[in-house]
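# got a structure for you, letters missing:
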C-alpha cells in the first residue's frame, strides 16, 4: 500500500485495517498558502461548548461502541475526568486549563443514553483527545479491568497514540524499556518526572520501568513529524516527557515542550529544573508561519496527542481481542494538512 494511502487510513474514522509502510515518508515541500481567515483559526474554538448539556451532546454524538455494558467514546481535547482545583498551581503552569470535565456531564450523558449509572474506566487525559471508556455496571467494569490485567503477562501495548512533534526522533522505529523517576529539584521546591539511564538520580523520590515504542510515520522537512507512540503507562505524563526526552517534543505541550531549545537549528536538552527555560516553548518560524500564528501566539496551540486506538485483550466471547479506533479531532487534522504531514 502506498505511504500516502496509509496515512489517509490512519487519520480516517477508524479504518484500522490499513497497514503502515515501515519506511518514513518524506513529503515534498509545497508553497504555504493560508486558506482561512484569522477569526476562523482552527485553534480558537477547540472548546466552544456553551453548556454542560452541549458538551454531553457532543460526547454522545461521538459514541464509538455500545456493547456488553461497555461504552467507548471519542473524547474531545481539553476535557478531564475531574476539575482542576482553583487553588492549584497547575492553573499557572497549564494556561489551557478551561472548560468542563466528565464528572460535570455524567448526569446529562446518562439521561441522553437512558442509562442509570456510568463509570469512567479509562480516559485519555485532559490534554489528550481520543478513546474514552465507560462501564454501565460493576460487572462490565470488572471485565474491563480483567482485560487490563492481561497486558503485562502478554507483553502487549494496547494503547496507540498519534502525535505531531517538533523535529524528528533520531530513529524511525524505537522499542525500548526506560526508567522514569519523579525527581526533586536541588532546592527541594519542585518535582519533575525525569527519564534516566542505568544510574538513578540521587534526588529521585520514586521510579518505575516503562515499555515504550515510537515510530515516525511522516516528516515534512520543515521541522515537524507525525509519530505513533505506545507505552504501558501514562503516569507522570510519560508520553509527553518521553517525546521531550527524545528531543522531539509534542506540538502544543506547554508543560514539557520547553525542555528542548534550538541552538543553530539543532535541538538541545535543557535542565528541567531551570525556571527560566520552562517559561517558553521553542517553535520554529517555519512551523509558526504554516500554522498562521504570530510570535507569542504559541500558547493557543493545543497539545497534539491523540489516543487513536485501544485493544481489549480477550474481550470477545471466543477469547479474541476487540480493537476500537477514534478519529482524530478537526484541529489535529488541520495541523497535519498545514504542515504537509498528510497527503490525500
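Arrived safely. Predicted model, so just to flag it, every value in this text is computed and none were measured.
# residue boundaries of the strands in the chain?
25-26, 63-67, 70-75, 119-122, 129-135, 159-166, 173-184, 191-196, 204-219, 224-231, 260-263, 266-269, 305-312, 322-325 (DSSP state E).
# in space, what's closest to residue 324 - neighbours in sequence excluded?
residue 72 (5.0 Å; Cβ to Cβ, 6 or more residues apart in numbering). Every residue, glycine included, has its C-beta placed from N, CA and C.
# can you report how many residues lie near that neighbour?
Residues near residue 72, counting by other Cβ atoms under 10 Å, number 23.
# touching, it and residue 136? I think so.
No - the pair residue 72 / residue 136 is not scored as a contact, 11.9 Å apart, by Cβ atoms under 8 Å.
# if we can go back for a sec, for the residue nearest to residue 324, give me its contacts.
63-66, 131-134, 310, 324 (Cβ atoms under 8 Å, 6 or more residues apart in numbering).
# could you give the bridge partners of it?
Beta-bridge partners recorded for residue 72 (DSSP bridges): residue 65, residue 133.
# tell me the pLDDT of it.
For residue 72, the model assigns a pLDDT of 98.
# gap between it and residue 311?
Separation of residue 72 from residue 311 (Cβ to Cβ, to the nearest Å): 12 Å.
# residue 65: neighbouring residues, count only.
Residue 65, neighbours per other Cβ under 10 Å, totals 16.
# which residues sit in contact with it?
71-72, 324.
# circling back to that earlier point, how about the strands of the chain, which one is nearest residue 295?
Set against residue 295 and scored by Cβ to Cβ, the strands of the chain come closest in strand 260-263, at 14.6 Å.
# any idea of the mean pLDDT in the closest one?
pLDDT averaged over strand 260-263 gives 87.
# now it: how far from the chain's centre is it?
22 Å (Cα atoms, centre = their mean, to the nearest Å).
# for that strand, name the packing helices and strands.
strand 266-269 (3 or more Cβ pairs under 8 Å, 6 or more residues apart in numbering; DSSP states H and E).
# go again with 6 Å.
Applying 3 or more Cβ pairs under 6 Å, 6 or more residues apart in numbering; DSSP states H and E, we find strand 260-263 packed against no helix or strand.
# burial measure for residue 306, as a count.
25.
# and it, what does it touch?
129-130, 162, 328, 332 (Cβ atoms under 6 Å, 6 or more residues apart in numbering).
# cool, and residue 168?
219, 225.
# how about a cut-off of 10 Å?
24, 216, 218-221, 223-225, 227, 246-248, 267 (Cβ atoms under 10 Å, 6 or more residues apart in numbering).
# what do you get for residue 140?
67-71, 119, 121, 133-134.
# and residue 40, how close does it get to residue 330?
Residue 40 is 12 Å from residue 330, by Cβ to Cβ.
# got any residues that touch both of residue 72 and residue 311?
With Cβ under 10 Å, 6+ apart as the test, residue 72 and residue 311 both reach 322, 324.
# if I look at the spatially most central residue of the chain, how far off is residue 239?
The centre of the chain sits closest to residue 305, judged by Cα atoms, centre = their mean, with a distance of 2.3 Å. Per Cβ to Cβ, residue 305 is found 6 Å from residue 239.
# any idea what the spatially closest residue to residue 335 that is not a sequence neighbour is bridged to?
In space, and not counting its chain neighbours, residue 335 is closest to residue 164: 5.7 Å by Cβ to Cβ, 6+ apart. In this entry, residue 164 is beta-bridged to residue 226, by DSSP bridges.
# residues contacting residue 164?
Per Cβ under 10 Å, 6+ apart, neighbours of residue 164: 218, 220, 224-227, 250-252, 287, 301, 303-306, 328, 332, 335-336, 339, 341.
# and what of residue 145?
Applying Cβ under 10 Å, 6+ apart, the residues near residue 145 are 121-122, 135.
# wait, what's in contact with the nearest residue to residue 281 once chain neighbours are set aside?
Setting aside the residues directly before and after it, residue 281 is nearest to residue 257 in space (Cβ to Cβ, 6+ apart), at 4.1 Å. Residue 257 sits next to 165-166, 240, 243-244, 249-251, 278, 280-283, 298, 301, 303 when contact means Cβ under 10 Å, 6+ apart.
# and which of those residues is nearest to residue 79?
When the contacts of residue 257 are compared against residue 79 (criterion: Cβ to Cβ), the nearest one is residue 303, at 12.9 Å.
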